[in-house]
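Student: Sequence first, predicted coordinates after that:
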Amino acid sequence: MHFKHPEILYFLFLLIVPILVHLFQLRRFKTSFFTNVRFLKELAVQTRKSSKIKKRLLLATRLLLLTFVILAFAQPFFEAKDSKNASNEMYIVLDNSFSMQAKGKKGELLKRAVQELLENTPETAQFSLLTNTENYWNTDIRSSKSALQNLKYSASPFELSAITAKIKAHKSAHKKDIVIITDAVGLEEKDVKNLDSDEKPYFIVPEAEQKNNIAIDSVFINQTLENFYEIGVSLSAYGEDFKPVPIALYNQSKLIAKTIIKFDAKKKKVNFTIPKEAFHGYVSIEDNGLTYDNKLYFSISKTKKTNVISIGDAEKSNFLSRIYTPAEFNYNNYPLNSLDYNSLEKQNTIILNELEEVPQALQTTLKAFTAKGGNLVIIPSEKSSITNLNTLLGNFGKIQFKNIETGSKLITKINFDHPLFSGVFENKITNFQYPKTAKSFNVLSPYPAVLSYDDQTPFVTAIQSPVSGITIFTAPINSVNSNFQQSPLIVPLFYKMGQNNQKTGVSALTIGSNKPYFADVLLTKDAILEVKGNKDSFIPIQQIMNNKVKLTFNDFPETAGNYGIFDKKNWVENLSFNYNRSESDLSLVNTSVISDFKTADTISTIFNTLQTERTDSQIWKWFVIFALLFLALEMAIIKFMK
C-alpha cells in the first residue's frame, strides 16, 4: 500500500491525546452522604465496573476513528500493475485501403472500425491517428470526429512499415502504445519486424465474411482490324463458387456492349469489338465483393503515325520498310554520309543498322535524343569497332561488347515477360522454328535478355529507362549472317521497338505507379499542362522534350476515372487512371506474422485493459467509511451504554 500524502501520517502522534485523557481524568467527584447505603454499595460496584468498560470502548472507538481519519487524509492506494507505462502516448493506425471495403458481421470493415472508434474512445484520451495517407498528431476523439466520419478509401496500399517509421520519427519523451486496425491483407514479415514489443503494439484484425471477389485486371487491344479494334478484358476471380457476372463496356456514358461471363476458371478473358476510333470510357462488372476493382477506365487515342528512321546501308534496311508500313509509320532510311542531324529530334525511334563506326557527333546527338524520350535500336556490324561500340553504349548503361565469335548459334529462348513482348503472345511458345546466326559478339550485360541463344547468352537485350528504350542486338541480322529476317519473331519485335514508350493501344495508368507519360504537344517554355477530370484537377510535374512533354503524376489523381490533358483551355489528349489491384485478393489475410503481438476484438477492450492495468486502486474512501462507522459506534456507546 502507498500513500499520496505520506506526510499526514505524522498526525498519528495525536492518538496519544485520547489516551492521556483516559488515563488522567480531569473531572473531580463530590462525595454525597446518605442515611442508608446498604443497598447502594452493591449498586456502586456494578456501576463502577460498567463505567470502566464504557470508557475503554469509547477510547478504542475514538482511537480507531482518529486513525482512519488521518489515514484517509493521507490518501492510501494500491499501485497499478503497469503503472510505469501510465504516461505512454497512444498512436492509432487505421488501415483505409480498398480491402477494408469487405463486409464483416456489422457492415464494411472500415466503416465499422470508424464507428467503434467514435463510440468507444474516451473523450479525455489523447492520441495520434495515422491512416494510409493522412496523419493527425496529438488529437482527441472530438477533434478528429469530422476526419474519421469523412475518411475515404485510399488508393495507396497499406504499408505498415512506412507508417511505423513515421511514428518512430515522431520525437517524444514518453513510450508509445500503438493500436493497429487492419484486415491484414497482404501483411508481410518485413512489415512487423521493426515493431518494438516494448511499445505494447496491439492488433485489431476485423474479419470479412464474404471473401469472394472478382477484379478487372487489364484492358488491351487484342487485334487491330481495318475498321475495328478487338479489345480484350482480363478478369481474375478470387474465391470459389461464382455466379455468372454481367460485364458492360461504356464509351463516355454510352453503353456500347454488354454480356454475361461465367467463371469456370480463375482467369477469364472477354473480347469486345469497337470502331477503330478514339475511345474514352470504361468497362465494368457487378459482383458481391469489393467495389473498387469493378471498373477499369481506359482511353484509346486517335491513331498517330510513329516517326522511325534507320541509319545504314539501304540494301540491308529493306526489311524495315516492310515492317514500318505507311499506314502506321513515317519511315525513312539514310546512309550515314547523307544524314541530316537536325531531323533526328523529330523522330520517335532511331535504328543504327550495322554501322562500322558511329561518329562522336552522332553519339552526342543520340545521347540527347534518348534523354528526351526517344528510342534507340543498335544492330552491330561484324566489322564494327568494339572500342567505338563500347564508347557509344557507355552513354546509356553498363553493357560491354567483347570479341566476335564465328560459329552457328540458335536463338531458342523468348523472354515473354519483357515489355517488348507484352501482349504479343497469347500462350508461351516452347517449340518454334529457331532462327540462327553465323557470327555473334560476346557481351557483358546486367540487363535481362529479350531473346537468348541456346547457350543462354543474349541475342537481344534492352536497357529500359523511365523515358526511353535502348535495344541492342549482339549479332548482325543481314541475310548473310542470319536468317532472323525470315523468322516470325522479327515483325512483333521491331514493331514493339519502334513504338516503345509511345502511346499505342490502350492508355490505362495506375495511380501511384510514377510511370512517366509523354504528351504529344509542342509547348512554349512558360506553358503548363493541367489534367482535368469530372470532379477534380491537378497540375503534374512536367518537362518539355522537343515536341513532347514528359508528365509525372506521383500519387495523383486521388480518384480513378477518365481525365483529359489541357493546355489552358485547349484539349490536348485523353488519359485514364485506375486503382492498383493489389488489394483484390481477400484470401491473402496473413495473421501469422502478428502471432507474437497482443490482439483484441474491439478498441474498447484495449482502452479498458490499459485503464485497468495502469490505474491505481484508490482506497481512501474505505477509510472514510470506517471512520464514519466508528463515529456512529461511539455515539451509540454514549447513548445506549450505561
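Tutor: Everything's here; your move. Note that the coordinates shown come from a computational prediction; the quantities given were computed from them, not determined experimentally. Numbers count the residues shown, from 1 in each chain.
Student: Okay, strands next: where are they in the stretch 101-250 of the chain?
Tutor: 103-104, 107-108, 127-130, 135-139, 176-181, 202-204, 213-224, 228-238, 245-251 (DSSP state E, counting those that start in this stretch).
Student: Would you mind measuring the gap between the ends of stretch 107-127?
Tutor: Start-to-end span of stretch 107-127 (Cα to Cα, to the nearest Å) is 26 Å.
Student: swap in stretch 311-328?
Tutor: End-to-end distance for stretch 311-328: 20 Å, by Cα to Cα.
Student: Could you say which helix or strand holds residue 452?
Tutor: In this assignment (DSSP states H and E), residue 452 forms part of strand 449-453.
Student: For the residue nearest to residue 121 when sequence neighbours are not counted, which residues are in contact?
Tutor: Distances taken as Cβ to Cβ, 6 or more residues apart in numbering place residue 141 nearest to residue 121, at 4.3 Å, with adjacent residues excluded. In this view, the C-beta of every residue, glycine as well, is placed from N, C-alpha and C. Counting by Cβ atoms under 8 Å, 6 or more residues apart in numbering, residue 141 makes contact with 117-118, 121-123, 125.
Student: just to revisit the earlier point, what mean pLDDT would you report for the strand holding residue 452?
Tutor: Across strand 449-453, pLDDT averages out at 94.
Student: same check, this time on stretch 64-76
Tutor: Rounded mean pLDDT across stretch 64-76 is 80.
Student: ok, now stretch 405-420?
Tutor: 89.
Student: how far out from the middle of the chain is whichever helix or strand comes after the strand holding residue 452?
Tutor: Per DSSP H and E, the first helix or strand lying C-terminal to strand 449-453 is strand 458-464. Centre-to-centre, strand 458-464 and its host chain are 32 Å apart (Cα atoms, centre = their mean, to the nearest Å).
Student: Run through the neighbouring helices and strands of strand 458-464.
Tutor: Helices and strands touching strand 458-464, by 3 or more Cβ pairs under 8 Å, 6 or more residues apart in numbering; DSSP states H and E, are strand 436-444, strand 449-453, strand 469-473.
Student: can I get the CA coordinates of the longest one in CSV?
Tutor: Spelled out, it's strand 436-444. Provided in CSV are the C-alpha atoms of strand 436-444 (Å, rounded to 0.1, in the frame of the first residue of the first chain):
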residue,chain,number,x,y,z
LYS,A,436,20.3,-18.7,-86.1
THR,A,437,23.3,-16.5,-86.6
ALA,A,438,26.7,-17.4,-88.0
LYS,A,439,28.8,-14.7,-86.2
SER,A,440,28.0,-13.0,-82.9
PHE,A,441,29.6,-10.8,-80.3
ASN,A,442,30.3,-11.9,-76.7
VAL,A,443,28.8,-9.3,-74.4
LEU,A,444,28.7,-8.5,-70.7
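Student: Can you spell out which helices and strands pack onto that strand?
Tutor: strand 400-414, strand 458-464.
Student: what about the residue positioned nearest the centre of the chain, distance to residue 133?
Tutor: Centroid check for the chain by Cα atoms, centre = their mean gives residue 157 as the closest residue, at 2.3 Å. Using Cβ to Cβ, to the nearest Å, residue 157 is found at 11 Å from residue 133.
Student: ok, now residue 466?
Tutor: Remark: distance between residue 466 and residue 133 (Cβ to Cβ) = 24 Å.
Student: just to revisit the earlier point, touching, the residue nearest to the centre of the chain and residue 132? I think so.
Tutor: Yes: between residue 157 and residue 132 a contact is recorded at 7.4 Å, counting by Cβ atoms under 8 Å.
Student: Can you pull the residues that touch both of these two?
Tutor: residue 97.
Student: shaky segments in this protein?
Tutor: Within the chain, the ranges that satisfy pLDDT under 70 run 2-4, 25-50, 77-87, 197-200, 422-432, 500-504, 611-618, 642.
Student: Which other helices and strands does the strand holding residue 452 contact?
Tutor: Using 3+ Cβ pairs under 8 Å, 6+ apart: strand 449-453 touches strand 400-414, strand 458-464.
Student: Using a markdown table, lay out the ones you listed together with distance to residue 387.
Tutor: Listed next are the helices and strands packed on strand 449-453 as a markdown table, based on distance: least, Cβ to Cβ, whole Å:
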| stretch | distance to residue 387 |
| --- | --- |
| strand 400-414 | 9 |
| strand 458-464 | 20 |
